[in-house]
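# any chance you could fold what I've pasted below:
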Amino acid sequence: MGSESKPFFREHLKKEIAGIFWLAFGVFTLLSLVSFSNADPSFNNNLHPETIRNFGGVVGAHLADLFFQVLGLPSFLVPLACFLFAWRLLKFRDIKVRLYKIGAFILLLVTLDGLVALHASRVHLFGETISQAGGALGRILADPLRGYLNYAGAFILLLALFLASFMLVARFSMVLFLEGLAERVGSALNQRRDARAARRKEKALKKGIRVDREPVIVQPEPAALPAPATRIAPRRKRRKEPPPDQESFDFLEPSGTYHFPSLNLLDHDGDEAPSVDRETLMMNARLLEKKLRDFGVEGEVSEVKPGPVVTMYEFAPAPGVKVNKIAGLADDLAMALQALSIRIVAPIPGRGVVGIEIPNKERETVYLKEIFQSPEFQKSSGRLPLALGKDIFGHTVVSDLAKMPHLLVAGSTGSGKSVSINTMILSLLYRSSPTDVRLIMVDPKMLELSIYEGIPHLLLPVVTDPKKASLALAWAVREMERRYKLMADKGVRNIDGYNKKIAREEKEKEELKKKGIIQVDAAPEPTDPDTPVPEPEEELEHGHLPYIVVIVDELADLMMVAGREIEESVARLAQMARAAGIHLILATQRPSVDVITGLIKANFPTRISFRVFSRTDSRTILDSMGAESLLGMGDMLFLPPSSGVLQRVHGAFVSELEVQRVVDFLKKQGDPEYDSSILQPPPGDGAAGNDDDEYDEKWDEALAIIAETRQASISMLQRRLRLGYNRAARMIEKMEREGIVGPSDGTSRPREVFINRIGGE
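Next up is the predicted model:
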């Protein structure tokens, strides 16, 4: 790592060393207290026994005697405090010394001494007699209080002071504790009551007695979170040896190691799921049945599934009720139930019921740290896992970009689209090193992705110019073709097979070197000087290939400036780039047909839609309605790969400050290795005289238009022939070199035309 990482390392080293000393002192103090003996030398005697029983020797004996004389039995709080300090320091957390906490801890010790002194004067501990159970401090405090307040008054006062100091030290709320206890007791009583009702219903059914059915409320299953980890382990082992030199993809670091970001850089572990109010859910189910009955739809709510943001009510319609009739009542039900919006899934695939999703009164926030800690993300075997959020039942949703293999994202302003793009990027950064994944970021708005400038995963600086974005996408196409040549040369079908074969060959070469076997290429046989020598074929440079993810934050701006070039590059990549390890994430806030064209849409089977303005926009992005009824703030409809069933997901939230922390951490790993050739025009596109080698099928039509209109300009060719800017500019430049049109005068006026007809050049 660079010099910027040294303070970072020194800070952690200081905390670790301090934590070890606190731990050692705590263990020593605890052993000294446990092995206390009145026969050992102390401050009260001058005994010099041959054998000292205290585990801490003479120092331990004096230390234990001092603590027991001053504090009594509460002395055991001292090693406990040392262990807490050591744990925080070893976890690289700061210990902020605050005067009120120091005072609260001293008050905690003193009041506990007084309580112990009120209850007992001497005790037997570990076979030894402690003459003052509460120590000298306890006796000094308890005796006057007992004289003025008697035992009961002194006990109440000391207990109140003890609880107050304990709440300050431990940041413990008695009210919240009692409320949580009451909720747990109430939940247990409700479960027992439901169990008794189920048994009564079962007995009644056995006897043939008809009973009214009640909707079943499915309790959400909280996902078991593992202990917070300092980092998320990568999916596969890193290679011990660096890959062969390759200009575009080398990530050079002096130490040779890459450190993954820590989860401590993210703020929130996630709120505790709010308790399920059974009475409210039952009342909503009955109200929903009544409102549907008012609209002429008979049936009953069979099951209720509460989630973090919305609650799913499964409605079983009566025989003869058409599903389309229920699907058209979303707006009417939203008004009748006074809900923000209601989404109706008619029917739920594979079930004989209709799903009605109603927003919760209290919405739960899904945090990215919580998703990263989940087993679904940590144990994901995907090459490029993306943490999306939670579904309507509270289950974590993680999808693999390598299987999608490309993603199209749409959503209006304020719907949570940009935050979701950040969560996807952080998912890649937390699981992949720059050796495994490289990024190309395109941000025409110059707002959202510029925060990632300078991270080592970037192949080039964040692109903000639409014309340069077109060049970057064109380079991705050329890189895809180059990778296919490399894979064909090695006889493999995808990037994973190629990297495995390259690693195996490198390992075999190393083994041969260790054995002293040197492979020498056979010398070419001498040939006749007059014999023509064939030109050598293109030399292929083999080496480890990382995945490349191209992220475009606003596709609409690119389509306005260079629509044809962008569309052609995106279509080619979407059709062919999966096996080459190149994947696209395209986002737009205007999902209209001129932005998401049929060619683009056909090659992006995986799509995400946040809240949009109209049903037309929803049909454009998802081929179905529903996105216009979403709640915003990360609420999305996800069309997963290899499935035509929409899944509602509540996106994870990550703040800009958290993103900045992760970016700063990654920048300390090393400087990015940019590839300057990406933004250079492809060979043959410049004015080097190679334009004649590649005939443009629109050339004759362009000459006819110029001869007819007597005007020659790039914008005119773009409009008349529906060309991109680069292609039209190359035609005008070629006409100028061949003397067909005159040079530009630096203004917006058209160029002078020198021909009267096509054949008159």
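# per-residue pLDDT of residue 521, please?
Residue 521 is assigned 48 on the pLDDT scale.
# per-domain residue ranges of this protein.
Under the assignment automatic domain parsing, the domains of the chain span 5-176, 177-211, 278-359, 368-393+405-500+544-667, 685-761.
# just those domains: most buried one?
Among these, ranked by average contacts under mean count of other C-beta atoms under 10 Å, first place goes to domain 368-393+405-500+544-667 (a mean of 20). C-beta: built from backbone N, CA, C; applies to glycine.
# and the average pLDDT for that domain is what?
On average, domain 368-393+405-500+544-667 scores 90.
# stretch 136-146 now?
When pLDDT is averaged over stretch 136-146, the result is 83.
# who touches it?
69-72, 109-111, 113-118, 132, 134, 153-154, 157-158 (C-beta atoms under 8 Å, 6 or more residues apart in numbering).
# can you do 10 Å?
Stretch 136-146 is contacted from outside by 68-74, 106, 109-121, 132-135, 151-155, 157-158, 161, using C-beta atoms under 10 Å, 6 or more residues apart in numbering.
# how far out from the middle of the chain is that stretch?
57 Å (C-alpha atoms, centre = their mean, to the nearest Å).
# again with stretch 288-306
Distance of stretch 288-306 from the chain centroid (C-alpha atoms, centre = their mean) equals 38 Å.
# swap in stretch 571-590?
Distance of stretch 571-590 from the chain centroid (C-alpha atoms, centre = their mean) equals 20 Å.
# wait, what's in contact with residue 589?
Going by C-beta under 10 Å, 6+ apart, residue 589 touches 409-415, 417-418, 445, 553-556, 595, 610, 612-613, 617.
# and with 6 Å instead?
412-413 (C-beta atoms under 6 Å, 6 or more residues apart in numbering).
# confidence score at residue 214?
Per-residue pLDDT puts residue 214 at 57.
# apologies, that question was intended for residue 75.
pLDDT for residue 75: 83.
# for residue 254, same thing?
Reported pLDDT for residue 254: 37.
# repeat that for the one 10 residues further on.
Confidence at residue 264, expressed as pLDDT, is 89.
# so what does it have for phi and psi?
Main-chain torsions, residue 264, degrees, to the nearest 10: phi -70, psi -10.
# what is the burial count for it?
Using other C-beta atoms under 10 Å, residue 264 has 15 other residues around it.
# would you list every one of the strands in the stretch 51-200 of the chain?
For the stretch 51-200 of the chain, applying DSSP state E, counting those that start in this stretch gives strands covering 123-125, 128-130.
# what's in contact with the last one?
Put plainly, it is strand 128-130. Outside strand 128-130, the residues touching it (C-beta under 6 Å, 6+ apart) are 36-38, 68, 123.
# same check, this time on the first one
By C-beta under 6 Å, 6+ apart, the surrounding residues in contact with strand 123-125 are 130, 133.
# going along the chain, name the helices of the stretch 101-250 of the chain.
135-170, 174-207 (DSSP state H, counting those that start in this stretch).
# report the angle between the shortest one and helix 135-170.
Between the direction of helix 174-207 and that of helix 135-170, the angle (axes from the mean of the first three to the mean of the last three C-alpha atoms, to 10 degrees) works out to 60 degrees.
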